[in-house]
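> give me coordinates for this.
(2 chains)
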Amino acid sequence: DAGVTQSPTHLIKTRGQQVTLRCSPKSGHDTVSWYQQALGQGPQFIFQYYEEEERQRGNFPDRFSGHQFPNYSSELNVNALLLGDSALYLCASSLGGTGLEAFFGQGTRLTVV
Amino acid sequence: AQSVAQPEDQVNVAEGNPLTVKCTYSVSGNPYLFWYVQYPNRGLQFLLKYITGDNLVKGSYGFEAEFNKSQTSFHLKKPSALVSDSALYFCAVRDGAGGYNKLIFGAGTRLAVHP
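From the prediction side, this is the model:
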């Protein structure tokens, strides 16, 4: 039973560029949440997708957008990258939007230079 | 707004000794509380949760947590620490505003277990 998988594991981008991160949820899970973990901090909620729609959003600018596909996988897009976007981006999957037992992927380490 | 606080940036303990990692919470309504562990360059691993029931919750890898409503605390404990327990630990609370759930995390506590 595959857990939550994220790709890529690491990437380096230049300020102003755009990036897409990908997530495949745990088998049987239909809800995907994205979190940003800056160095030395706890994860912060970006947004959550269920039934291919963004259901709720944290305090992040519109440069952060996402998508969920019919197979429940998800993408996180960040436009006009800033140095401050450098962080570990974590994907969490759960069932039915409960969020009560969220399984996390290993994360994507984004470095903006 | 829901929040959790982890008052210690780092906890040091000798192998074999008991360990405690502290967490306090502030919520409206009944708290749903969680502990996660993060090893270097890894994602978060679920340890345990409290939703309702017994105040002492048992989780993975021999960890347990004690829910104390009067002190609004949810401290993580283990009777005998292992060097392999050294990691970053996060306390989290569910925020169910709007009918949807997300997790609000503390800043994390680094646990260092010394041989």
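> what residues are up against the nearest residue to B:Ser73 once chain neighbours are set aside?
Spatial nearest neighbour of B:Ser73, chain neighbours left out: B:Thr24 (5.1 Å); criterion: CB to CB, 6 or more residues apart in numbering or on different chains. The way it works is simple: take the backbone N, C-alpha and C, and place the C-beta from them, glycine included. By CB atoms under 8 Å, 6 or more residues apart in numbering or on different chains, the contact list for B:Thr24 reads B:Val4, B:Ala5, B:Pro7, B:Gln71, B:Thr72, B:Ser73, B:Phe74.
> ok, B:Val4 - how many residues close by?
Look at B:Val4: counted by other CB atoms under 10 Å in any protein chain shown, it has 24 neighbours.
> what's the answer for the one 4 residues further on, then?
Counted with other CB under 10 Å, the neighbours of B:Glu8 add up to 16.
> pLDDT at the most centrally placed residue in chain A, what is it?
Nearest residue to the geometric centre of chain A (CA atoms, centre = their mean): A:Trp34, 3.3 Å. A:Trp34 is assigned 97 on the pLDDT scale.
> the helix or strand hosting it pairs with which strands, parallel or anti?
Using DSSP states H and E, A:Trp34 sits in strand A:31-37. According to DSSP bridges, strand A:31-37 forms sheet pairs with strand A:44-50 (antiparallel), strand A:87-94 (antiparallel).
> and the angle from the helix or strand encompassing A:Glu54 to strand A:44-50?
If you go by DSSP H and E, A:Glu54 is part of strand A:53-57. Between strand A:53-57 and strand A:44-50, the angle comes out at 150 degrees (axes from the mean of the first three to the mean of the last three CA atoms, to 10 degrees).
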